[in-house]
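Participant: Prediction below, plus the sequence it came from.
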Amino acid sequence: MKTVKKILKIPANEIVESMNIDINSKRIKFIDHVYYLIYSALHGSDLTDTSIDNGISRSWLSKLNKNRTYIPFIQLFYKLLEPYIKAHDYRVYSRYMRVLAIDSTFIKTLMKGSGSYKGISDGIGYG
């Protein structure tokens, strides 16, 4: 996971500097927030548990998720994809490029009520 933080460092810092998003952050900086999200996703663990294991309370995580806009996360996603988008030879990187877009609307996590939409608990519409 140290590699993940290393990959995130430069693009995350560029976003933080351009948007000043960490000015009022007392405990969780943007890069740490992203890291916890990625760590939880890769390990199939609950974001709340990951945060608590790192000294972040549920109320603080809830406040952070409520107050931090989604825009820097989108910018980070595209900053990470930028080298692949600008590559001249698609054949070179195509086997490593599996994610072209993410829609988190139906991503089911271990958090209560996640991945549900209009009563569909698994995010898949039937009928």
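Facilitator: Alright, I've got the coordinates.

Participant: What pLDDT does the model give residue 15?
Facilitator: Looking at residue 15, its pLDDT reads 93.

Participant: Over to the one 3 residues further on?
Facilitator: Looking at residue 18, its pLDDT reads 92.

Participant: what helix or strand does it sit in?
Facilitator: Element membership for residue 18, per DSSP states H and E: helix 2-19.

Participant: shaky segments in this protein?
Facilitator: 84-85, 87-127 (pLDDT under 70).

Participant: Which parts of this structure are helices?
Facilitator: With DSSP state H as the criterion, the chain has helices at 2-19, 30-43, 47-53, 58-67, 71-86, 90-93.

Participant: residues of the first one that come out buried?
Facilitator: By neighbour count, and taking 16 or more other C-beta atoms under 10 Å as the criterion, the buried residues in helix 2-19 are 8, 11-12, 15-16. C-betas here are computed from N, CA, C, even on glycine.

Participant: closest to residue 74 among those residues?
Facilitator: Set against residue 74, the nearest of the buried residues of helix 2-19 by C-beta to C-beta is residue 15 (9.8 Å).

Participant: Contact partners for that closest one?
Facilitator: Remark: with contacts taken as C-beta atoms under 8 Å, 6 or more residues apart in numbering, residue 15 is in contact with 21, 30, 72, 75-76, 79.

Participant: hmm, 6 Å instead?
Facilitator: The contact partners of residue 15, taken as C-beta atoms under 6 Å, 6 or more residues apart in numbering, are 72, 75-76.
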